[in-house]
Every structure is written in structure tokens, then in C-alpha cells.
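A.B. asks: Prediction below, plus the sequence it came from.
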Amino acid sequence: MAFLLKRAGYALALLAALGPAVQAAPAVHTVLIDGMRFIPQTVEVKAGDTVVWRNKDPFPHTATATQSGSGGPSSPAIAPGASWRFKAAKPGSYPYLCTLHSTMTATLVVK
Amino acid sequence: MSKFTHKLLCATIAGAFALAGSAFAQTAPDDAQIAGIVVAANQVDIDAGKLAQKTTKQAEVKSFAKQMVTDHTGVNKQAGALVKKLKVTPTDSDLSKSLKAGGAENIAKLKGLKGKEFDKAYVDHEVTYHQAVIDALDKTLIPNAKNAELKDTLVKTRPAFVAHLEHAKQLQSTMK
């Protein structure tokens, strides 16, 4: 029993040591494209994180920063069922839209 | 196309939908008929888009037409998969028949036109058509859909028709 407790203690210590490292690692955030909407409407990430746009609609969409060359996303057409990954490198607030359906707008915030 | 023929055409399309609408006031479409209407509505716009892609010389009209073919083909593929899953066979109704007849009439008329006349007639019809389909979705299709998945698909597809309508209107405004 004492042995088991000791092991549990080690495990906890190990988790505690790993905790901060796990938090600091670049995260992957998913934006769903569904029913002609970007979900969530605003996604906040840290510089170095990856954002994945996943298209669940039956036709293609894009995620394109309204200001080109700003450091925001600029995807090709994302086919139905497909995804597009973007590494958010530069801090800023990037309003973006689907160039094929300009009624679809959202914002990516890179901290 | 003269302004008069254009007005007449718009009135005809609006009339067809109004007639179909009143027919539904008596008998609401069932899910199989709703599926038939969805398939017909998309096919009509795919056919017009394919003709426009071949005929127009204007880059913006061509890319709009290409997108109409892509988007409406996608919606029809999704509708096809859904009816298969639900074991529903799309069936004809007054509205699906009037949509098909209106589509055939539009194609016949467009085939007689060239250049700017063609572009204007195509885009004008796209504005009228998308508005009419949105009205049909709101008044007839969404309220009467019984199956939850079918209703959900209609609700999720509606904004695509709105975006297409906005796009068509924006093209139309550059042609005046």
C-alpha cells in the first residue's frame, strides 16, 4: 500500500512538472465552417498556435483576411469535408471572410 | 432584351411561385416532395450556370456562374445522400414542376442572346430566382419539413442562397 501511495505521489509530481510545459506548447484551435458560419465567430490564439478551419458545408469556402498581406489567413478554396491549417505567427486582430460568400465574416485574434 | 420583356419574365417567375404558393396553401408538401423541390431548384441553377460559363465573355460573370454550379451541385449531392439515408424518393409537385418549366424557359431564352445582353439576362434571372427560392424556403419548405435532418439541411442551406442573391445583385448593379 505504502509503495502504491509513493508511486501515486511520483506520478502527481511528474504531472505537476509537465503541466506548465504542456500549457506553453503551441496549441491547435479549430474553427468549424458549418451552415455558412465560422464557429466560433471570434477565435483568440497565441502567436505560434495553429488554427485549423474545417469545412462541414457541402460547397467550398475560404478564410481570407480582409486586409491582404497583413499576416492574417489567406486560404485557397477549402473543399467540402476538407481542412486548412494556418500558423498564426504575427500578433494582431484579423477580420476575415469567405471570398466566395462575402456574407460570411469572422475574426482571428493573435495575442 | 427589352425592359418590357424583362418585366414580363420577372412577373412570370413571380407568378409561377405565387401559384405554387397558393397550391401549397391547400396541400402542404411532404418530405418527399420537399426533396424533389430542392433537387429541382438546384438543378435549374446548375443548368443556367453551365450555359453561362460557356457563353459569357465577362470574367466576373464567368466566376459567379462557376460558383453557382459548384455550390448547387454540392447542395444536391448532400440532398442525395440525405434522401438515401432517410429512404425517401424525391417526388414531383406543382412547385418542382413550375421550377423545372421556369428553368427550361430561361435556358431557351438565354440561348438566343449574346454578349452583354446575355450577361444581363442571366444575372437578372439569378437575382429573381434566388429571391424566389428564399421565399419558397421561408414560406413553404422549412415550415413543412417533418424530418429534423431535412429541416436542418434546409435551414443551413438558406444562407447560401442569401449570399448568392447578394452576389448576383452586386453584379447586377455593375451592369446598369
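C.D. replies: Happy to help now that I have it.
A.B. asks: following the longest helix along chain B, which helix or strand comes up?
C.D. replies: Counting residues, the longest helix in chain B under DSSP state H turns out to be helix B:59-86. With elements assigned by DSSP states H and E, the helix or strand that comes after helix B:59-86 is helix B:94-111.
A.B. asks: Could you identify the helix or strand that succeeds that following helix?
C.D. replies: Next element after helix B:94-111 (DSSP H and E): helix B:115-136.
A.B. asks: Next secondary structure element downstream of that next one?
C.D. replies: Under the assignment DSSP H and E, the closest C-terminal helix or strand after helix B:115-136 is helix B:142-144.
A.B. asks: And the longest helix of chain B, what does it pack against?
C.D. replies: helix B:31-55, helix B:115-136, helix B:148-173 (3 or more Cβ pairs under 8 Å, 6 or more residues apart in numbering or on different chains; DSSP states H and E). Any C-beta I mention is one placed from the backbone N, CA and C, and that applies to glycine too.
A.B. asks: how many neighbours does the nearest residue to A:G92 once chain neighbours are set aside have?
C.D. replies: Spatial nearest neighbour of A:G92, excluding adjacent residues (Cβ to Cβ, 6 or more residues apart in numbering or on different chains): A:V110 at 5.7 Å. Using other Cβ atoms under 10 Å in any protein chain shown, A:V110 has 20 neighbouring residues.
A.B. asks: if I pick A:V110, what's in contact with it?
C.D. replies: A:V45, A:K46, A:A47, A:D49, A:A88, A:A89, A:K90, A:P91, A:G92, A:S93, A:Y94 (Cβ atoms under 8 Å, 6 or more residues apart in numbering or on different chains).
A.B. asks: now do 7 Å
C.D. replies: A:V45, A:A47, A:A88, A:K90, A:P91, A:G92 (Cβ atoms under 7 Å, 6 or more residues apart in numbering or on different chains).
A.B. asks: Could you identify which of the residues you listed has the most neighbours?
C.D. replies: Within the contacts of A:V110, most neighbours by other Cβ under 10 Å means A:A88, with 24 neighbours.
A.B. asks: ok, A:P60 touching A:I78?
C.D. replies: Yes: assessed by Cβ atoms under 7 Å, A:P60 is found in contact with A:I78 at 6.1 Å.
A.B. asks: What distance separates the opening and closing residues of stretch A:30-38?
C.D. replies: 10 Å (Cα to Cα, to the nearest Å).
A.B. asks: So that stretch, near chain B or not?
C.D. replies: Yes: applying Cβ under 7 Å from any Cβ of the partner chain, one finds stretch A:30-38 touching chain B at A:G35, A:M36.
A.B. asks: List of residues touching that stretch?
C.D. replies: A:39-40, A:43, A:51-57, A:61, A:101, A:104, A:106, B:156, B:159-160, B:163.
A.B. asks: at 8 Å what do you get?
C.D. replies: Outside stretch A:30-38, the residues within contact range by Cβ under 8 Å, 6+ apart are A:39-40, A:43, A:51-57, A:61, A:63, A:78, A:98, A:101, A:103-106, B:155-156, B:159-160, B:163.
A.B. asks: For ChimeraX, write the selection for the buried entries among the residues you listed.
C.D. replies: In ChimeraX, a selection of the buried entries from the contacts of stretch A:30-38 looks like this (16 or more other Cβ atoms under 10 Å in any protein chain shown):
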select /A:43,51,53,54,55,57,61,63,78,98,101,103,104,106 /B:156,159,160,163
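A.B. asks: now, which of the contacts of stretch A:30-38 lie within helices?
C.D. replies: B:V155, B:K156, B:P159, B:A160, B:A163.
A.B. asks: from these, which are also near chain A?
C.D. replies: Filtering those for proximity to chain A by Cβ under 8 Å from any Cβ of the partner chain leaves B:V155, B:K156, B:P159, B:A160, B:A163.
A.B. asks: right, and the pair among the residues you listed with maximum separation?
C.D. replies: B:V155 and B:A163 (14.7 Å; Cβ to Cβ).
A.B. asks: Give me the residue at the spatial middle of chain B.
C.D. replies: Nearest residue to the geometric centre of chain B (Cα atoms, centre = their mean): B:A41, 4.3 Å.
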